[in-house]
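*Asks:* Provided below are the primary sequence and the corresponding predicted coordinates.
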Amino acid sequence: MGKTRKKIDIYIDKELCKGCDICIELCGENVFMKSEHINSRGYYIPIPVALDKCTGCMICELICPELAVIIEKSELVKETV
Ligand code: SF4
Ligand code: SF4
């Protein structure tokens, strides 16, 4: 019998991001880290470095003032042996 779990993907719109770091600070799972990538407006953008720790709580998406974070959840069926 299969066991269902959520698969989570995190997308950050690099050009919308203004590098405020709120998502880095407010994620309780420390999923984000500041990257060395600078967008066209001169801001260092965050990257998800610990996607496996993400609980899908949506806080980062809801709190981002630029609406630059998108959390995408999809159902996955994981087979048990
Ligand atoms: S909260 Fe939004 S604007 Fe701020 S660093 Fe994170 S993605 Fe960028
Ligand atoms: S959805 Fe929640 S756990 Fe996942 S990266 Fe955003 S704030 Fe962190």
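*Replies:* Alright, I've got the coordinates. Ligands and ions are numbered 1, 2, ... in the order given.

*Asks:* does residue 76 touch residue 4 like I think?
*Replies:* Yes. Shown here, residue 76 and residue 4 form a contact pair, counting by CB atoms under 8 Å, at 7.0 Å. The way it works is simple: take the backbone N, C-alpha and C, and place the C-beta from them, glycine included.

*Asks:* higher neighbour count, these two?
*Replies:* residue 76 (12 against 8; other CB atoms under 10 Å).

*Asks:* just list the residues touching the more buried one, thanks.
*Replies:* Listed by CB atoms under 8 Å, 6 or more residues apart in numbering, the contact set of residue 76 reads 4, 5, 6, 7.

*Asks:* what bridges to it?
*Replies:* Taking DSSP bridges as the rule, residue 76 bridges to residue 5.

*Asks:* and it, what's its pLDDT?
*Replies:* Here the pLDDT value assigned to residue 76 is 76.

*Asks:* name the element residue 15 belongs to?
*Replies:* Using DSSP states H and E, residue 15 sits within no helix or strand.

*Asks:* find the centremost residue of the chain, please.
*Replies:* residue 10 (3.7 Å; CA atoms, centre = their mean).

*Asks:* please name the nearest non-neighbouring residue to it.
*Replies:* residue 48 (4.3 Å; CB to CB, 6 or more residues apart in numbering).
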